[in-house]
Structure formats: C-alpha cells, structure tokens
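# No sequence on hand, only this structure:
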C-alpha cells in the first residue's frame, strides 16, 4: 500500500492509502522519436484504497471515510510478504519450532524452515535469532557464552604458553573483564610499541559490554591488531 496526503481548501486533511498498482501510467513522449523508451508500468487502475480524514474538531484523531478492498489483479506472494514485513510477532507454534531446533541448526536454516511452514509471513532474522537465544538460555543449551569463550581461550593458553589470557570476576562470579593476546600479537607489540592506539566500540553486543581493541602501527605504516578485551561498564553489564 502507498499513501499520499491531501489538504483540501477549507477542509480537514486526509490521507489516501492505495494499492501500488492504482492509477494509470501516462507515458511521456519525447519530441525526438529516437529517444523514446520502451518501458512497462505496474499500474493497472486498481480501485483498492482506504481514505482516512482528521476532522478539525477531532484532530489529531483519524477516521476512515472510504474503504475499497477489491483488487483488479491477482495478489502475488511478494505482495502478501510486503504487507507483513513489519509484523515481527511469533506465534506459539513458531516459537515451538524454534525451541525444537535451537542449538541444532543455523539461524538462517531455522528461518528457512519457518518460511516453509508459514509462506505468507516474512520472518526477521534478528527476531528469530533472539528467540533462539532465549530458548537456549531457558534450556541451558551449550552453556553460557562467557563460559564457552573462557574455555576456548583457556585451552589455547594451555596448549601454547605464548598465549596471554586474563579474566576478572565480580563478587557474584559474573565476568567483568576479559583480555587476550595471541603469540603473533605479543610479538608485534614487543616490536612495534612506539605508537599504540586503543579504541572502544559502544555496547554493540547484547550484554552491553564494550569491545576494546589495541592497535599498533608497524614500520610500514600499517595498523596491526595486538590485543582485545571485553570490559563491563558496571556489575549489571557482566555476562
């Protein structure tokens, strides 16, 4: 649906919501025939439209003054998906499917399965990913993400003594800070530490923990990553 606002002289404003195939295409003819373009139009004079008006005595409240729901053309699947693209709500059946496959399938594949079961609904990947994470947390699938990251880095330091890894926990046992450097990053830092740059992202992850990256400039003038850390802005921001 497309909308356009009309303000009539001495009358209250009105908004017309019409089908994108409404109206009739009027070709613009060029004086030079060689510059004419052969193009098509999606307009088919579709009568479907909704007219709403806001009377001055009720402004800014709106009311429907005209409603035509008939289309003169066949509705395609893409038209139905476009009308549902803003509806991000998930039904109980959809959440049940997500819970069943949470931790077993890639989020994109779960979206594919949802789309197969409900072809008339458009699914938002971020909404589905959040539902997957919520299902994993409820069922304790795969353990905590902080614990997984801690285990990965701990295994690396155990297998290679040149890895550096440090963590800091608060009194409740929640992760407050984490810092790590690989062997190659430690070598670069020892060799090119004249210019060190530290930069933070601003709470781009769902835990609200800024990622701090440490960069040096080597002898060729190139930026090289030499360290990373996750830092909590407070006790409530831990993992």
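Received, thanks. These figures come from a predicted structure and were not determined experimentally.

# State the mean pLDDT of stretch 179-186.
Averaging pLDDT along stretch 179-186 yields 93.

# and what of stretch 109-121?
84.

# Give me the buried positions along that stretch.
The neighbour-count check on stretch 109-121 (16 or more other C-beta atoms under 10 Å) flags 110-111, 114, 118, 121 as buried. In short, each C-beta sits where N, CA and C put it, glycine included.

# does residue 230 sit in a helix, a strand or a coil?
strand (DSSP: H, G, I helix; E, B strand; the rest coil).

# Write down the beta-bridge partners of it, one by one.
residue 178, residue 211 (DSSP bridges).

# picking up where we left off before, so which of the buried residues of stretch 109-121 is the closest to residue 90?
Using C-beta to C-beta, residue 114 comes nearest to residue 90 of those, at 8.5 Å.

# Make sure residue 17 is indeed in a strand.
Yes: counting by three-state DSSP, residue 17 is part of a strand.

# Burial check on the nearest residue to residue 132 once chain neighbours are set aside, number of neighbours?
If the residues on either side of it in the chain are set aside, residue 132 comes closest to residue 102, at 4.8 Å by C-beta to C-beta, 6 or more residues apart in numbering. A count of neighbours around residue 102, defined by other C-beta atoms under 10 Å, yields 22.

# pretty sure residue 102 is in contact with residue 130, am I right?
No: checked against C-beta atoms under 8 Å, the pair residue 102 and residue 130 is beyond contact range at 11.3 Å.

# about what we covered before: need the phi and psi values for the residue nearest to residue 132.
phi -60, psi 130 (degrees, to the nearest 10).

# Now stretch 155-169: buried residues?
156, 163-165, 167.

# Also stretch 190-205?
residue 192.

# quick one, strands of the protein?
2-6, 14-18, 49-53, 63-68, 164-169, 175-181, 196-200, 211-217, 223-231 (DSSP state E).

# What is the neighbour count of residue 188?
The burial count for residue 188: 19, using other C-beta under 10 Å.

# How much space separates it from residue 132?
37 Å (C-beta to C-beta, to the nearest Å).

# What is the neighbour count of residue 182?
19.

# Spatially, what comes nearest to it if we skip its sequence neighbours?
residue 163 (6.3 Å).

# List phi and psi for that neighbour.
phi -70, psi 140.

# Now for it: which residues touch it?
Residues counted as contacts of residue 163 (C-beta atoms under 8 Å, 6 or more residues apart in numbering) are 153, 156-157, 180-183.

# now, which of these lie within helices?
Judged by DSSP state H, the contacts of residue 163 include 153, 156-157, 183 as members of helices.

# can you put the buried residues of stretch 109-121 in CSV and add distance to residue 225?
CSV is the format used below for the buried residues of stretch 109-121 (distance: C-beta to C-beta, whole Å):
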residue, distance to residue 225
110, 33
111, 32
114, 37
118, 43
121, 42
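
# Could you let me know which of these ends up closest to residue 174?
Of those, the one sitting nearest to residue 174 (C-beta to C-beta) turns out to be residue 110, at 29.2 Å.

# That closest one and residue 125, how far apart?
9 Å.

# Now residue 109: closest residue in space, sequence neighbours ignored.
Closest to residue 109 by C-beta to C-beta, 6+ apart is residue 101, at 8.0 Å.
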